[in-house]
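Student: Coordinates for the following, if possible.
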Amino acid sequence: MQHPNAILATLSKMTLKPEVKFDKLFQKLYNVELWLLAYQRIAPEPGNMTPGVDGKTVDGAGMKLIQDAIADLKASRYKPVPVRRVYVPKPNGKQRPLGIPAFQDKLLGTVLKLTLEAIYEPTFSENSHGFRPGRSCHTALEAVKREMQGVRWWVEGDIKGYFDNVNHNTLLRILSKRITDKRFLHLIGQFLKAGYVEDWKFNQTLSGVPQGGTLSPVLSNIYLDELDRAMVAISAEFSQGKRRKATREHRSLTNAIYQAKKKAKETGNWSVYKALKQKQLKTEATDPLDPGYRRLYYLRYADDFLVGIHGSKADAEKIRSKLEVFLRNDLQLELSPEKTLITNAKKRVRFLGYDIKRWDGIRKRRLHTRQGVKTQRTGSYHLNLLLPADKTIKFAQEYGETNTWQGKHRSKLLNLSELEILMTYNAEVRGFLGYYALADNLKDAAGRVLWITQTSFFHTLAAKRQCSIKKVIKNLKKGPSRYVISLEKEGKGIKEYELIASTRQLKTEKVTYGQVDLIPKTWMYQSRNELGKRLLADTCEWCGIRGTQVEVHHVRKLGNLKGKTPWERQMIERRRKTMVLCVECHDELHAGTLSEKKKMLRKTRRAGYVETHKSGSEGVSVKPDSAMG
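Tutor: Residues are numbered from 1 along each chain as shown. So this is what the prediction gives:
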């Protein structure tokens, strides 16, 4: 059987040749190793413990589930079941629909995703950053700051109800440009038209891709890659001129400085030269309004995109009109009128939760040359990424009053242990400030955030201990701005857990991402990991029986295990959220009757096996596992 690494790497290399068409992809879905690769990718996700419409979760998954699915595919009887629709709150107060697929569909969807990523990922535009390996919101924001300096107008793009309005026929037509396997395309069409169940009522999906499905992100990128390609053509048509025209004032100052320098060398009086040099550093070298120079910059994250235009407002309006026409005619989509705005670069523009603002100050750069130190003007249009004040206030409202920036106790945390409370605060602070690690005003905003979360923590702990805040602070303080909860661990001494109360405890340095190239990343198709090997071993990790059907017991997180039963203690000791069990042991575990005697029997088998191999043929005779089951 061909290794999944080889399958996916071959597809990635082939896709760089535009004339290559992909056929016989459906047969690759019969590869068990490819399913195991997909399984180990999604197995650790806590969301797999949420049941779909069939009531099943990842718990109990095993080789039988994979083999049954492959058999159904071979017999052309596999049919995805509808997803279960739930709603999650959005930042604007509205609700976002989320589809929860059945686990078997999620697993097959991941296999399809791996295949489609191998085909399309190397050809995606470098301007696309959403739902892609090695790319993120941070890489998109870094690209904005690096490549869009000097823009005069912004076009903020947002597609109206994108995930609900993807046209199925158009998507399949786009896929058919590279994929000619009709069975493979039909299977994707079945996933798109599987429907959803809401309030126990089945609803058809005539358009859109379900948010929450493993297949949706890559299909969304394939669909909007058409927009990326169209923007490349629009940019090439729009761009004009090699460089902006030099200003007359700057040229005059350059000549005057040259004459003043010659005269200063004769007289020794450099005051005129220095004054002219300072004036030149404050003068535009080129005309920012040069009508003969135009540029267009484009960047997309999922269905949000940003267009930077070096031109006039009329140019920005024309570009927006072209976008509207292309989306409507070619992709059957509409721009959201309230979110697609044209904004002057002097004002702030919001993108991916950051405010982007043009910094109009003068940047000077000191260069060390053979003739000495040279001061050079680097330009007046630079972009700052800012943490918005409203985002800071909204985050801080959970912890206290934003008028006085004093924290309050959080009653919903009082049932947790003191360490769990501390870890909760640390995780929330690290998540918020970590996302805004690129913000130029992070240190200013972080001070207020850390103060209100710190005081809220003290209030919460004081409420739990039923004592004064002053007493809590005195008990936890271990140095300047250092507050610690100490726990003694058996054989490991005392371990300290520190509250994040200052920026020095955070890695808030600017995160810099290099250019992401488009070379096929075959490293992402890793070989089978530990879970895959354990599953293929066909050995129950409790009773030790071999050669029988095994299933994988999953828990959402290790923190849910209290260690009250032997099997819980085993999972905690090994720090695993999974345990491979035979069907009998798995059923007994859920029934609460899993016996520790079976575990002792496994130790006896191992001891006998070792003794047999030590003593050779004259040693103790041990029956095969199948006979001892």
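
Student: check contacts around the nearest residue to Phe103 once chain neighbours are set aside.
Tutor: Closest residue to Phe103 in three dimensions, ignoring its sequence neighbours and counting by Cβ to Cβ, 6 or more residues apart in numbering: Val58, at 5.2 Å. Yep, even glycine has a C-beta here, placed from its N, CA and C like the rest. The contact partners of Val58, taken as Cβ atoms under 8 Å, 6 or more residues apart in numbering, are 42-43, 48-49, 103, 552, 554.

Student: and the residue lying closest to Asp303 once chain neighbours are set aside, what is it in contact with?
Tutor: Leaving aside its chain neighbours, Asp303 sits nearest to Tyr162 (3.8 Å; criterion: Cβ to Cβ, 6+ apart). Listed by Cβ under 8 Å, 6+ apart, the contact partners of Tyr162 are 220, 302-303, 333.

Student: The closest residue to Lys477 other than its chain neighbours: neighbour count?
Tutor: Distances taken as Cβ to Cβ, 6+ apart place Tyr483 nearest to Lys477, at 5.8 Å, with adjacent residues excluded. If you count neighbours by other Cβ atoms under 10 Å, Tyr483 ends up with 21.

Student: same deal with Val166?
Tutor: Residues near Val166, counting by other Cβ under 10 Å: 24.

Student: Dihedrals phi and psi, it?
Tutor: phi -60, psi 130 (degrees, to the nearest 10).

Student: measure Tyr293 to Arg504 for me?
Tutor: Between Tyr293 and Arg504 the computed distance is 45 Å (Cβ to Cβ, to the nearest Å).

Student: Neighbour count: these two, which is higher?
Tutor: Shown here are Tyr293 and Arg504; by other Cβ under 10 Å, Tyr293 has more neighbours (18 against 10).

Student: residues contacting the closest residue in space to the more buried one that isn't next to it in sequence?
Tutor: Leaving aside its sequence neighbours, Tyr293 sits nearest to Gly241 (Cβ to Cβ, 6+ apart; 3.8 Å). By Cβ under 8 Å, 6+ apart, Gly241 lies in contact with 290, 292-294.

Student: which among those end up buried?
Tutor: 290, 293-294 (16 or more other Cβ atoms under 10 Å).

Student: Let me know the closest of those residues to Lys79.
Tutor: Arg294 (52.5 Å; Cβ to Cβ).

Student: With Leu341 as the reference, measure out to the closest one.
Tutor: 20 Å.

Student: Kindly report the same for Leu419.
Tutor: For Leu419, the distance to Leu341 - Cβ to Cβ - is 47 Å.

Student: ok, now Leu476?
Tutor: From Leu476 to Leu341 the distance is 48 Å (Cβ to Cβ).

Student: just Gly353 next, same as before
Tutor: 16 Å.

Student: and if you look at Ser595?
Tutor: 66 Å.

Student: again, but for Thr503
Tutor: 34 Å.

Student: The spatially most central residue of the chain - nearest residue in space that isn't next to it in sequence?
Tutor: Geometric centre of the chain, nearest residue: Ser136, 5.5 Å, by Cα atoms, centre = their mean. Residue nearest to Ser136 in three dimensions, not counting chain neighbours: His129, with 6.8 Å by Cβ to Cβ, 6+ apart.

Student: For that neighbour, report the pLDDT, please.
Tutor: pLDDT for His129: 94.

Student: burial count for it?
Tutor: Neighbours of His129 (other Cβ under 10 Å): 26.

Student: State the distance from it to Met231.
Tutor: Applying Cβ to Cβ to His129 and Met231 gives a distance of 14 Å.

Student: quick one: the helices in the stretch 101-250 of the chain?
Tutor: In the stretch 101-250 of the chain, helices defined by DSSP state H, counting those that start in this stretch lie at 103-120, 137-147, 162-165, 168-175, 182-192, 216-238, 248-267, listed in chain order.

Student: Repeat that for the stretch 501-629 of the chain.
Tutor: 530-536, 566-574, 583-591, 597-615, 625-628.

Student: which stretch in the ones you listed is the model least sure about?
Tutor: For the helices of the stretch 501-629 of the chain, where the average pLDDT is lowest is helix 625-628, sitting at a mean of 38.

Student: Tell me which of the contacts of Val58 fall in strands.
Tutor: 552, 554 (DSSP state E).

Student: Quick check on Gly62: phi, psi?
Tutor: phi -170, psi -170.

Student: Excluding chain neighbours, what is closest to it?
Tutor: Glu551 (4.1 Å).

Student: What of Met579?
Tutor: His553 (4.6 Å).

Student: So what's the residue count around that neighbour?
Tutor: 23.

Student: Can you tell me how far Arg546 is from Lys274?
Tutor: In terms of Cβ to Cβ, Arg546 sits 87 Å off from Lys274.

Student: Return the set of buried residues in stretch 80-98.
Tutor: 80, 82-85, 97-98.

Student: tell me how far it is from the chain's mean position?
Tutor: Centroid separation for stretch 80-98 versus its chain: 19 Å, with Cα atoms, centre = their mean, to the nearest Å.

Student: For that stretch, give me every contacting residue.
Tutor: For stretch 80-98, with Cβ under 8 Å, 6+ apart as the criterion, the contacting residues are 51-54, 99-102, 105, 108, 164, 190-191, 194-198, 202-203, 210-213, 394.

Student: Can you get me the start-to-end distance on it?
Tutor: By Cα to Cα, to the nearest Å, the extent of stretch 80-98 from end to end equals 17 Å.

Student: Check the burial of Gln259 by counting its neighbours.
Tutor: 12.

Student: residues contacting it?
Tutor: With Cβ under 8 Å, 6+ apart, Gln259 has no contacts at all.

Student: do you know how far it is from Asn269?
Tutor: Counting by Cβ to Cβ - Gln259 and Asn269 are separated by 13 Å.

Student: dump the residue contacts of the residue nearest to Pro82 when sequence neighbours are not counted.
Tutor: Closest residue to Pro82 apart from its sequence neighbours, by Cβ to Cβ, 6+ apart: Gly195 at 4.2 Å. Counting by Cβ under 8 Å, 6+ apart, Gly195 makes contact with 82-83, 202-205.

Student: and of those, the nearest to Val373?
Tutor: Val83 (65.0 Å).

Student: Name the residues of stretch 546-560 that come out as buried.
Tutor: Under 16+ other Cβ under 10 Å, the buried positions of stretch 546-560 are 546, 550-556.

Student: Kindly indicate which of those residues lies nearest Ser76.
Tutor: Using Cβ to Cβ, the buried residues of stretch 546-560 come closest to Ser76 at Glu551, 26.9 Å.

Student: Now do the same contact list for the closest one.
Tutor: 60-62, 64, 580-583, 586.

Student: From the residues you listed, keep the buried residues only.
Tutor: Here, 16+ other Cβ under 10 Å leaves 60-62, 580-582, 586 buried among these.

Student: Could you count how many residues lie near Thr180?
Tutor: Using other Cβ under 10 Å: Thr180 sits among 14 other residues.

Student: Pretty sure it sits against Phe22.
Tutor: Yes. Applying Cβ atoms under 8 Å, one finds Thr180 in contact with Phe22, separated by 6.8 Å.
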